[in-house]
Each structure stands twice: as C-alpha cells, then as structure tokens.
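Engineer: When you get a sec, could you give me coordinates for this:
(2 chains)
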Protein chains: 2
Amino acid sequence: MDSIKVFAPGTVANVACGFDVIGLALDAPGDEMIIRRSEVPGVRISAVHGADLPLEASRNVAGVAVQALLQKLEDPKAGFEIEIFKNIHPGSGIGSSAASSAGAVVGVNLLLGEPFSRKQLVRFAMEGERLASGAAHADNVAPAILGGFTLVRSYRPLDITALHTPKDLWVTVIHPQIEVKTSDAREILKQKVLMTDAIRQWGNVGALVAGLYQENYDLISRSLEDVIVEPIRSILIPAFHELKLRCKEAGALGGGISGSGPSVFMLSKGEESARKVADTMNQVYAPLGVDYKIYVSQINTEGVKVIG
Amino acid sequence: MDSIKVFAPGTVANVACGFDVIGLALDAPGDEMIIRRSEVPGVRISAVHGADLPLEASRNVAGVAVQALLQKLEDPKAGFEIEIFKNIHPGSGIGSSAASSAGAVVGVNLLLGEPFSRKQLVRFAMEGERLASGAAHADNVAPAILGGFTLVRSYRPLDITALHTPKDLWVTVIHPQIEVKTSDAREILKQKVLMTDAIRQWGNVGALVAGLYQENYDLISRSLEDVIVEPIRSILIPAFHELKLRCKEAGALGGGISGSGPSVFMLSKGEESARKVADTMNQVYAPLGVDYKIYVSQINTEGVKVIG
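Structural biologist: Below you'll find the predicted structure:
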C-alpha cells in the first residue's frame, strides 16, 4: 500500500465538568487527508486545501506529529507526503489542529504496517498540539485517534483511557465565527477554586463517566454541569446563556463550551433531538449578526478512519 | 413478619480522590440489629450492646432515622423496637453511625412490606447522620444501604448512583484507636484549592469510576490518589505515609483515609493480597504503642442484609 486516504474527526474537549480531562470525537465536521509514501526520507506537506496553513513540515502540526513518529521508528529511509483537505476551521474550538495531527500519524502508521498501537500514536499527535498551542495536551488528539469519549487521567505519566459511548448519543455543535484565542481563554481562568465547587465538579465527573457506562441519559444530562470554567469563559461567547437554556428546553441533555470556544456543543439522545437543537441554535443565532456554522453528528466511536 | 435481624455494614467514605462523593460498603465489620414490631406507636431503642450510646430515640441515630421514615409513612399506629449490637466503633471513621441508621430504616421498611425503595431510604438514614455529625451527609449511608461503590453527585437535589463493583476487589482496614473528631478533620481543610490540583483530582475520579466499570485493577490503582485532602488530614494519623507506602509495596492497589479517619483503608485484588496487606499493617503498627484493629473484607455488594 503506497497511499491512503483518511477521515480525521473534529473533537470536543473540556466536555462540561470534564475540563482538561474528557473529550469526544465527532462524525462531522472532519478533515480528509491523503498520505503517500515517498522516496524522499522524512515528511512533506504537499498541499493544504481549505485553510491557510504552513506547508513547511516543522511548522505544520501534521508534519511535526509525523516527525515525532519517524524519530521513534529509527528507519532513516521512511518518507511521506501529506495532502490535507481542511473542513474544520482553525480556531473553532473543535480540534482543528488535533484532527490534522491525529489523521497524519494514524495514516502514516497504517502505511508502515502499524508498528504502533493507537494509544502510542497519541503521544506523537500531542507534538502537533504543542506546536499549535504551546502545550502538548491530549484532550483533543486522544478522542480523535481512539474515537468515542476519552479521559486523560494524567500527563506524568501519560494515562489515557477510552470510555464507553452510548449508541444513541448525538452532538450538535455551533461554531460562531468569531476569534477566541486559546491563550486568552486560559488567562481568564482563576488559579484557585473553591473547595465546594471542586467537589461538585468531581461529583459531576464521576457521575458523567458512570452515566456513559450505564447508558443512563438522565444521569448524563444531570452531570453535564461545569461550575468552574463555564461561568468565566462563557462571557467570551455571544448569547451563551440564552443558547444553552433554549437548547435544553428543546430537549438537549446538556452541553457547554467546546474546547476553549468559541464553539458550543450540546448532547442529545437521538438524531431527532439533535436536529431540533440545531434548529434552536439557528433561531438564537440568526438575529445576532454573527456568522456561524452548525453541525449535527453522531459520536464517532472509531476515531480516524480509512476512507480510501 | 413481626421481627427481623439485619446486618448493617461498615463503610468507607471519601474513597481517595472521591472525597465527599465516593463510598463503599464492607462485609466486615458490621453491626447487627434486631427490629421488632411493637403495639406502641413510634420507635424505641430497647438496648445497645457493645457501645455506650443513648437509648432515647430522638438522641439515637437509628431512632432519628426511623422517625424520619415514619413521618413519611403517615400511619400513626406503626411502632418498632430496635436492639442494636455494635461491632463498629463509634468514631472509627468506618461509618458507625451510618450503619445504625441504615440498618434501622432497611429493617423497618422490610417489616412494613417495603413501601420505600432502597434509594428512598437513604434520605431517612441521612437524618441519623445529621444527628451524629451536624450534616446530613450521604457518603456512608448510601453504600451502607445500596451496597458496593456509590457516588453522591449532588445534594440539591439528592442524586446518588450505584457504581459497578469488580468481583475480586477486597478491602483491608486498620482502625488505630485514637480519637479524630470529624469537626477537627473538617476544620483543617482549606476553603480554596489550586485549579491544577482540582483538575488532577477530577481526572482521578473519572478514571476510578471508569476503572470500576472496566474491572481494570491497574487503572483503579493508578487513580486511587488524593492530592487535595490526604496531604492535610494524614498528619492526624500515626505513621500514615509509612503505612501507605508499605501496603502498596505489599501489593495493595492503593487507598487512603477512611472517612475523616483515623481508620485507613487499602484496596487489593483478591483475598490473598488483602491478607498480606493486613500483615503489613500489623508490622507497621505493632511497634507504635497504639491500640488498633485490622479488618479484611470483600466489598459488600448488597448493603444491609437480612440475617434472621
């Protein structure tokens, strides 16, 4: 096999109470990438369609992620060329850089005959995240590679576990096309939090994980509550509180800010409910004079997928 | 049925990272209680064996819990007499008051033909906890009544869920017979915690719950970490750090302070490991000149049980 085409999913990190630890993968939007073996050792980005991103491998997240993989491979001859079709807007808060990093390492690994497990690939893709945001975080690349819901328990040592994903769980995402810088979103967070809030948050995290395993949609709904980060970051997102309230009235289980925003996600039981939530998002955002996109998607339980 | 004998289990609250939210039930130690129907309306405590506790119903946790139940029943004629055989030392940190409250309401409910579900009974037993500690907490009465591991997501509204309990999980508990007042143990806690510590804690809570559902003993082991409460409260417990270190060297998955102490619990995979941990606890505590008791127990997945 000399070339492969993969779908690299968008992802929602910071799933409500699960700030910095719980993420999930989407079926839409996602990038597509064609990865070809090359006679020239190393990695080159041959083209990026749909976004203005660097072609120089050491400045491109996909390039950096594959370089990290090739270093561990110790085969000086291995060479790859990557063509990227971006559908996930950079800066949308739905894991644009993670998709490119994840798709690239999964694709290269497949062409190499899978010397690494999917879990091992997470570490390489994290190098792409380091380039994109300055921090090698895993909360987007883990679900992008492993699929479904994932939990990052710890970074030192890196400890990631895939969580059970109920079949009937759908996601509606609205991407208001405004700019929220991850660094700004991080700066406004407090360094200390109230013990009572922290306890409430970890009660919710425990309940969310239990709800996923029990396929208990009511429990999932009740535990989709973030008392620590959302009250602060939501000020960066137009009409956040009305949006959330109206979506829950329309039947959403709950949701919150996707990643560090500006996208907002809502979980629903079933496609019909997820589409109703999309209509509601439209109704709330149409009068605002802000450009936006809305996506309705099942949870992607496979992560990066081969599509050709 | 005019009388019933029940076993009311000891419990471990504040299971490591799960401070204030995760508890578990033990097979040993536990109290026994005989509950008899009576012609006289209301509840009386006929005797307490093995501990010096009030017989006056309104000052006895079992009495208060049953009074709370009878109020909801609205049958002015219902009357019960309770005889309590205490095996769990009051003040041990393994849910002595919770066992009495839980055993009493489960027993009375059974004699009444089960008008209430086990989950509904938790609320009544919490009134016993309010008498014992001033706060109607549920982290001991929930596992005592429901069995296994339980999670208290929220108090307003009360939201409790039973978690999956892996079959081969054992508990070793050491009760150093010193006094640690719950109020003192609570007072030394900080009102604010570092955001980074809080995130680490809820990552561990999520992973512990996932580990229980996955029956993944390694993940359970890695997530039994409390970076917030244990570093402060452990100063109240003789040789805590040596004890924990030696138990883990002996094969324990991990553990921590039981409730607000002074008891310390360790989880193990399998009985053999749990007994080795008990031996190690003995070795550490024997030279200290402190009286202590050690219990080895499987996790009790039934909660309060009928034994006669």
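
Engineer: Tell me the buried residues in the helix or strand hosting A:V193?
Structural biologist: Element membership for A:V193, per DSSP states H and E: strand A:192-194. Residues of strand A:192-194 classed as buried: A:193-194 (neighbour count, 16 or more other C-beta atoms under 10 Å in any protein chain shown). Backbone N, C-alpha and C define where each C-beta goes, glycine included.

Engineer: who's in contact with that strand?
Structural biologist: A:228, B:191-195, B:198 (C-beta atoms under 8 Å, 6 or more residues apart in numbering or on different chains).

Engineer: quick one: strands adjacent to that strand?
Structural biologist: Using DSSP bridges, the neighbouring strands of strand A:192-194 in the sheet come out as strand B:192-194 (antiparallel).

Engineer: Could you check how far the strand holding A:V193 is from the centre of its chain?
Structural biologist: Between the centre of strand A:192-194 and the centre of its chain there are 26 Å (C-alpha atoms, centre = their mean, to the nearest Å).

Engineer: Next SSE downstream of that strand?
Structural biologist: Where DSSP H and E defines the elements, the next helix or strand beyond strand A:192-194 is helix A:195-214.

Engineer: which helices and strands does the very next helix or strand once past that next one pack with?
Structural biologist: Using DSSP H and E, the helix or strand that follows helix A:195-214 in sequence is helix A:217-223. Applying 3 or more C-beta pairs under 8 Å, 6 or more residues apart in numbering or on different chains; DSSP states H and E, we find helix A:217-223 packed against helix A:195-214, strand A:264-269, strand B:149-155, strand B:158-163.

Engineer: got a markdown table for these, with distance to B:V264 too?
Structural biologist: Below are the helices and strands packed on helix A:217-223 laid out as a markdown table (distance: least, C-beta to C-beta, whole Å):
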| stretch | distance to B:V264 |
| --- | --- |
| helix A:195-214 | 21 |
| strand A:264-269 | 39 |
| strand B:149-155 | 18 |
| strand B:158-163 | 22 |
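
Engineer: and among those, the most buried is which?
Structural biologist: Each of the helices and strands packed on helix A:217-223 was assessed for mean neighbour count using mean count of other C-beta atoms under 10 Å in any protein chain shown. The highest is strand A:264-269, with a mean of 26.

Engineer: which neighbours does that one have in its sheet, and in what orientation?
Structural biologist: The partner list of strand A:264-269 in its sheet, established with DSSP bridges, is strand A:169-176 (antiparallel), strand A:254-257 (antiparallel).

Engineer: about what we covered before: in TSV: the helices and strands packed on helix A:217-223, plus distance to B:G251 and mean pLDDT.
Structural biologist: Below are those laid out as TSV (distance: least, C-beta to C-beta, whole Å; pLDDT from 0 to 100):
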stretch	distance to B:G251	mean pLDDT
helix A:195-214	26	98
strand A:264-269	40	98
strand B:149-155	21	97
strand B:158-163	23	97
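
Engineer: Does the strand or helix carrying A:A185 reach chain B?
Structural biologist: Following DSSP H and E, one finds A:A185 within helix A:182-187. No - applying C-beta under 8 Å from any C-beta of the partner chain, one finds helix A:182-187 separated from chain B by no less than 10.6 Å.

Engineer: May I have that helix exported as CSV, CA atoms only?
Structural biologist: Written as CSV, here are the backbone C-alpha positions of helix A:182-187 (Å, rounded to 0.1, in the frame of the first residue of the first chain):
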residue,chain,number,x,y,z
THR,A,182,-6.8,29.7,23.5
SER,A,183,-4.3,31.7,25.4
ASP,A,184,-6.9,34.4,26.3
ALA,A,185,-9.4,31.7,27.3
ARG,A,186,-6.8,30.2,29.6
GLU,A,187,-5.6,33.5,31.0
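
Engineer: what sits against A:A252?
Structural biologist: A:172, A:266-268, A:273, A:277.

Engineer: again, but for A:E81
Structural biologist: A:E81 sits in contact with A:35-38, A:43-46, where contact means C-beta under 8 Å, 6+ apart.

Engineer: which one of those residues has the most neighbours?
Structural biologist: Using other C-beta atoms under 10 Å in any protein chain shown as the neighbour criterion, A:I35 leads those with 28 neighbours.

Engineer: That residue: which element?
Structural biologist: Assessed by DSSP H and E, A:I35 sits inside strand A:22-37.

Engineer: same thing with A:L245?
Structural biologist: Per DSSP H and E, A:L245 falls inside helix A:240-249.

Engineer: cool, A:Q71 as well?
Structural biologist: If you go by DSSP H and E, A:Q71 is part of helix A:61-73.

Engineer: who's in contact with that helix?
Structural biologist: A:33, A:42-45, A:56-58, A:78, A:80, A:82, A:84, A:97, A:100-105, A:108-109, A:112, A:115-116, A:121, A:123-125, A:127-132.

Engineer: repeat for stretch A:288-302
Structural biologist: With C-beta under 8 Å, 6+ apart as the test, stretch A:288-302 has contacts from A:9-10, A:24-30, A:89, A:147-149, A:165, A:169-178, A:238-239, A:271, A:274-275, A:277-278, A:281-282, A:285.

Engineer: returning to that earlier point: pick the one among the contacts of A:A252 closest to chain B.
Structural biologist: If you rank the contacts of A:A252 by distance to chain B using C-beta to the nearest C-beta, A:L267 comes first, at 16.4 Å.

Engineer: coming back round to it: how about a markdown table for the strands paired with strand A:264-269, with mean pLDDT and mean neighbour count added?
Structural biologist: Shown next, in a markdown table, are the strands paired with strand A:264-269 (pLDDT from 0 to 100; neighbours: other C-beta atoms under 10 Å in any protein chain shown):
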| stretch | mean pLDDT | mean neighbour count |
| --- | --- | --- |
| strand A:169-176 | 98 | 25 |
| strand A:254-257 | 98 | 26 |
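
Engineer: Now tabulate those in JSON lines and tack on distance to A:V15.
Structural biologist: As requested, these are exported to JSON lines (distance: least, C-beta to C-beta, whole Å):
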{"stretch": "strand A:169-176", "distance to A:V15": "10"}
{"stretch": "strand A:254-257", "distance to A:V15": "7"}
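
Engineer: Which residues belonging to the helix or strand where A:E129 lies are considered buried?
Structural biologist: Element membership of A:E129 [criterion: DSSP H and E] is helix A:118-133. Going by neighbour count (16+ other C-beta under 10 Å), the buried part of helix A:118-133 is A:118, A:121-133.

Engineer: Nice, that's everything, thank you.
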